[in-house]
Structure formats: C-alpha cells, structure tokens
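# Any chance you could fold what I've pasted below:
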Amino acid sequence: MATEKLKFKLELFSTFWDEKPKLEILINEESKILKDIDTTEQSPSIVEFEHECKEGEQYQLTLKRTGKDKNQTVIDSDGKITKDQLLHIKSIEIDEIDIGALVYEGVYTPDYPEPWYSQQVEMGKTPPNSFKNVTAMGHNGTWQLKFQSPFYMWLLENLY
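The predicted model follows:
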C-alpha cells in the first residue's frame, strides 16, 4: 500500500493572564507535540511535525487543550469576564498548503467544568456537546479535523 509523508505546520497563540494553556497535538492516537502556548497573535507559536499516512485511510488531527481550571476565568460583579485563558488556532498548513476555511470544519468538543455546567443546565441553558466554526478554545477539550490520504485528493474534494 502506498504512503505519503505529510508535513504539518500550525500557527497557534493564547490569551492568558496567569497560567499558560497546554496543548497536545495528535494524529489519530499518536502524540506528536506537547507544549505550553504562551505567544500572541502577532507572534504566534509555530508547531511543525510530519506524519506518514497510508493512502485510502482516514486520519484525525486532534488539538487537545488542557491547563485551565476555574481560577483562570475571573468574573467581575456585573458577571463580565475580566481575565481568561484561551487557546487560538491562527492557521494550519498541511504539505505547505494553508487549509484556509477548512479549519472551520474542525469540531471543538469542550470539557465543561463543574459546577458551571450544572448551573447552566439548571437555568435552561444547556451548552452544546460540540461546535464547528471554532478557532478559539475557551474550555479544556479537543478540536478535531478529519482528513484522508491521499491528502491532495481529499483537499480537492473538500475545498468547494
């Protein structure tokens, strides 16, 4: 079976005031990168790695965001967030091709903290299990993008 070695390049940045968001990047279940993200939008972290893919197989790029506890979000007396911790995806390149708007096809599945989640449910505002069109991750959780090898064929099928 034919294979292709894909080169991944992600530009990521964070918003934080105390603790940095932590990130693990995986392809399927294989961990590729584990690091804290402490950079700005103007000067993002650039994370690069390669992965050998077998043609005809489905893959999943996963960004697993951790490092946030209840103390990382500060709310004032009016209920407005004054300080927070977020992880942002600025761009993703696969094989030197910026996937552009396909980044919005990724699915973000937050791990909602307690007691916040239960309080939302009690107020009749049950948060969704997952979101599309997300490049800013406020809660710990995973952002996942499915793709297939050969990558160029998948890209052509999904661009339009």
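# Flag the shaky bits of the chain, pLDDT-wise.
Under the criterion pLDDT under 70, the flagged ranges of the chain are 160.
# all strands of the protein, in order?
Secondary structure of the chain (DSSP state E): strands at 3-15, 22-27, 30-36, 45-54, 58-66, 74-75, 81-83, 86-94, 97-98, 107-110, 136-137, 141-148.
# Now do the last one against strand 22-27, angle only.
In this case it means strand 141-148. Interaxial angle of strand 141-148 relative to strand 22-27 (axes from the mean of the first three to the mean of the last three C-alpha atoms, to 10 degrees): 20 degrees.
# Tell me the strands beside strand 141-148, with direction?
strand 58-66 (antiparallel), strand 107-110 (antiparallel) (DSSP bridges).
# and the angle for it with strand 86-94?
10 degrees.
# Distance from strand 141-148 to the middle of the chain?
8 Å (C-alpha atoms, centre = their mean, to the nearest Å).
# And the second one, by the same measure?
Remark: strand 22-27 is offset 8 Å from the chain centroid, using C-alpha atoms, centre = their mean.
# cool, the first one as well?
Its chain's C-alpha centre lies 11 Å from the corresponding centre of strand 3-15 when counted by C-alpha atoms, centre = their mean.
# and that strand, what does it pack onto?
Counting contacts by 3 or more C-beta pairs under 8 Å, 6 or more residues apart in numbering; DSSP states H and E, strand 3-15 packs against strand 22-27, strand 45-54, strand 86-94. All C-beta atoms are positioned from the backbone trio N, CA, C, and that covers glycine.
# Which of those strands sits closest to Glu4?
Glu4 lies closest, by C-beta to C-beta, to one member of the helices and strands packed on strand 3-15: strand 45-54, at 5.4 Å.
# which residues are in contact with that closest one?
By C-beta atoms under 8 Å, 6 or more residues apart in numbering, the surrounding residues in contact with strand 45-54 are 1-13, 25, 27, 30, 32-33, 35, 37-39, 59, 149, 151.
# Note down every partner strand of that strand and its orientation.
Strand 45-54 is paired, per DSSP bridges, with strand 3-15 (antiparallel).
# Tell me what angle the partner strand forms with strand 30-36.
Using the same axes, to 10 degrees: strand 3-15 against strand 30-36 is 20 degrees.
# from now on call the first residue 110
Got it, first residue is 110 now, which makes that one strand 112-124.
# roughly how far is the longest helix seen in the chain from the heart of the chain?
As assigned by DSSP state H, the longest helix anywhere in the chain is helix 260-268. Relative to its parent chain, helix 260-268 has a centroid offset of 21 Å by C-alpha atoms, centre = their mean.
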